[in-house]
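**Q** pasting the sequence and the predicted model now:
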2 protein chains.
Amino acid sequence: MKVTLRTDVLTNNNKAAEFNRELFLNTKTLVINLMSSPGAGKTTLLEETVRALSGQYRIAVIEGDLATEKDAERIRAMGAKAVQINTHGGCHLDARMIAAALGEIDLEEVDLLFIENVGNLVCPSGYDLGQHHKVAVLSVPEGNDKIPKYPQMFMRTELVLLNKIDLLPYLDFSVEEARKDLMEINPESHLFPLSARTKEGLREWFTWTEEAFAKCVKR
Amino acid sequence: MKVTLRTDVLTNNNKAAEFNRELFLNTKTLVINLMSSPGAGKTTLLEETVRALSGQYRIAVIEGDLATEKDAERIRAMGAKAVQINTHGGCHLDARMIAAALGEIDLEEVDLLFIENVGNLVCPSGYDLGQHHKVAVLSVPEGNDKIPKYPQMFMRTELVLLNKIDLLPYLDFSVEEARKDLMEINPESHLFPLSARTKEGLREWFTWTEEAFAKCVKR
């Protein structure tokens, strides 16, 4: 299926998001927009997700970065399709960039599409990309104050993957305090503690993704 | 000394930056704009800086965050003057916010003014606040790919404080690779490996600050 962009899609973020959403719906592609600070571990998490789920699902990834093709190369090395978007200084992806990147992906051949946003705990949360789900990654070394200090991100996401729990023994971080802070800001959200490096806790995230896909296909 | 703002200062970032710069020059206040990802350890580093240098220097801090007064409270607990700016979703400080905050600080009574920018490796680097120096904090858990992936930040700063080196034994991070990547992007910059938590390496940063202050006073 070849995607053709109308002019209004390229000039208006919300129209582009609707265009993307319709496309994802029609092709029964589950789309997850992953957001976090730089270095929270989104790419490593996606590498492990591709490794675990690519037997049952056809996976593609759109990578957003200011510069370099590094992240897309890491995903391709895991055997998944990856398209790199370079924002050249822009602090977030927008729906128009996604619409343009979709020209390089045949969604009929994709079950799960992950969008790895630019590493930034502020800007990406305000932009609808047309995704089904917005997921935040927070990492233990960032500290316990991040949820109250960046409330918009945690209010606008429905799941928080607390990464790098293998570093808990070396840092002052309370998982319970993080959960309490999250529940105060967004009682509908969930916190999954995990480590993409040691693979501890990843199963809960994979199950969540599989259930989300099942719901998306049934619609 | 009471600061009075002209209208043009409040409407134009560069005019506000010039206004601030003149004020810093006239009062012989050394001003350092600290930038990093969320959770890289800027506030802990400032706590230790206040602890080490407040015997010889009068220190004030302007704290930039989307929400909460948490960081200003941490600095006040160390005995330094701190003014909190809440950007309510804004991803960086601008010179107008600084000009407004200066109304709460008597610069005649301040030798060192640190501006802790919003935790963000993208947006803050493009805004002149009128500071003498722009310094980036990078932390070991963020990983080795951050310098090439966020080139604007590392091109526009003259010093990188590589924090959390106490975590080096538990992570795959090469200080030498970070230094090599930095030199490629910005050969004039410097990399100081340190840990605000264990205090290892902090002396080099304190000496750099003291020398910068000596130059600023001589001007």
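**A** Yep, that arrived. For clarity, every value in this text was computed on a predicted model and none was experimentally measured.
**Q** which residues make contact with the strand or helix carrying A:R76 from outside it?
**A** A:R76 is part of helix A:70-77 when elements are defined by DSSP states H and E. Residues from elsewhere that reach helix A:70-77, judged by C-beta atoms under 8 Å, 6 or more residues apart in numbering or on different chains: A:43, A:46-47, A:50, A:61, A:63, A:65, A:82-84, A:116, B:145, B:148-149. (Glycine included, C-beta is placed from N, CA and C.)
**Q** how about the next helix or strand after it against chain B, any contact?
**A** Downstream of helix A:70-77, the first helix or strand assigned by DSSP H and E is strand A:81-86. No: looking at strand A:81-86 against chain B by C-beta under 8 Å from any C-beta of the partner chain, there are no contacts, and the closest approach is 10.0 Å.
**Q** just checking, what packs against strand A:81-86?
**A** strand A:59-65, helix A:70-77, helix A:95-101 (3 or more C-beta pairs under 8 Å, 6 or more residues apart in numbering or on different chains; DSSP states H and E).
**Q** tabulate these (a markdown table), appending mean neighbour count.
**A** Listed next are these as a markdown table, based on neighbours: other C-beta atoms under 10 Å in any protein chain shown:
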| stretch | mean neighbour count |
| --- | --- |
| strand A:59-65 | 26 |
| helix A:70-77 | 18 |
| helix A:95-101 | 22 |
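**Q** interface residues of chain A facing chain B?
**A** Near chain B, when you scan chain A using C-beta under 8 Å from any C-beta, you find A:37-39, A:65-68, A:70-71, A:89-91, A:118-123, A:126, A:139, A:141-143, A:145-146, A:148-152, A:164, A:166-167, A:170-171.
**Q** quick one: the strands in chain A?
**A** In chain A, the strands defined using DSSP state E lie at A:30-36, A:59-65, A:81-86, A:112-116, A:133-139, A:159-163, A:191-193.
**Q** let's have those strands in a markdown table, adding mean pLDDT.
**A** As requested, the strands of chain A are arranged in a markdown table below (pLDDT from 0 to 100):
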| stretch | mean pLDDT |
| --- | --- |
| strand A:30-36 | 98 |
| strand A:59-65 | 98 |
| strand A:81-86 | 98 |
| strand A:112-116 | 98 |
| strand A:133-139 | 98 |
| strand A:159-163 | 98 |
| strand A:191-193 | 98 |
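**Q** A:K15 is nearest to which of the helices and strands packed on strand A:81-86?
**A** Among the helices and strands packed on strand A:81-86, the nearest to A:K15 by C-beta to C-beta is helix A:95-101 (8.0 Å).
**Q** who touches the closest one?
**A** Here helix A:95-101 has contacts from A:3, A:5, A:9-11, A:13-14, A:16-17, A:19-20, A:62, A:64, A:83, A:85, A:87, A:115, A:127-130, using C-beta under 8 Å, 6+ apart.
**Q** show the buried residues in those.
**A** A:3, A:9, A:13, A:16-17, A:19-20, A:62, A:64, A:83, A:85, A:87, A:115, A:127-130 (16 or more other C-beta atoms under 10 Å in any protein chain shown).
**Q** where does chain A have low pLDDT?
**A** A:1-2, A:6-10 (pLDDT under 70).
**Q** for the residue positioned nearest the centre of it, give the beta-bridge partners.
**A** Closest to where the C-alpha atoms of chain A average out (C-alpha atoms, centre = their mean) is A:L34, at 1.6 Å. As for beta bridges, A:L34 partners with A:E116, A:V135 under DSSP bridges.
**Q** for the helix ranked longest in chain A, buried residues please.
**A** In chain A, taking DSSP state H as the definition, the longest helix is helix A:202-218. Of all the residues in helix A:202-218, those buried under the rule 16+ other C-beta under 10 Å are A:L202, A:W205, A:W208, A:T209, A:A212, A:F213, A:C216.
**Q** A:N13 against A:Y127, yeah?
**A** Yes: the pair A:N13 / A:Y127 is scored as a contact, 6.4 Å apart, by C-beta atoms under 8 Å.
**Q** common neighbours of the two, please.
**A** Common neighbours of A:N13 and A:Y127 (C-beta under 8 Å, 6+ apart) are A:D94, A:A95.
**Q** what does stretch A:123-133 contact?
**A** With contacts defined as C-beta under 8 Å, 6+ apart, stretch A:123-133 is touched by A:13-14, A:16-21, A:23-24, A:30-33, A:35, A:91-95, A:98, A:115, A:117-118, A:134, A:152-153, A:156-159, A:212, A:216, B:89, B:91, B:120, B:122-123.
**Q** so how far is it from its chain's centroid?
**A** Distance of stretch A:123-133 from its chain centroid, counting by C-alpha atoms, centre = their mean, to the nearest Å, is 9 Å.
**Q** ok so, going back, quick one, the longest helix of chain A and strand A:112-116 angle?
**A** Angle, helix A:202-218 to strand A:112-116, by axes from the mean of the first three to the mean of the last three C-alpha atoms, to 10 degrees: 120 degrees.
**Q** residues making contact with helix A:202-218?
**A** A:28-30, A:32, A:45, A:48-49, A:52-53, A:56-57, A:111-112, A:132-133, A:159, A:161, A:190, A:192, A:194-196.
**Q** on that earlier part again, how close does the residue nearest to the centre of chain A get to A:T207?
**A** 17 Å (C-beta to C-beta, to the nearest Å).
**Q** how many residues are close by A:S54?
**A** 15 (other C-beta atoms under 10 Å in any protein chain shown).
**Q** likewise the one 4 residues further on?
**A** Counted with other C-beta under 10 Å, residues neighbouring A:R58 total 17.
**Q** same question, A:P187
**A** A:P187: 7 neighbours (other C-beta under 10 Å).
**Q** phi and psi next, for it.
**A** Per-residue torsions, A:P187: phi -60, psi -20 (degrees, to the nearest 10).
**Q** isn't A:I62 up against A:L112?
**A** No: counting by C-beta under 8 Å, A:I62 does not reach A:L112; the two are 11.8 Å apart.
**Q** list the residues that contact both of those two?
**A** By C-beta under 8 Å, 6+ apart, no residue touches both A:I62 and A:L112.
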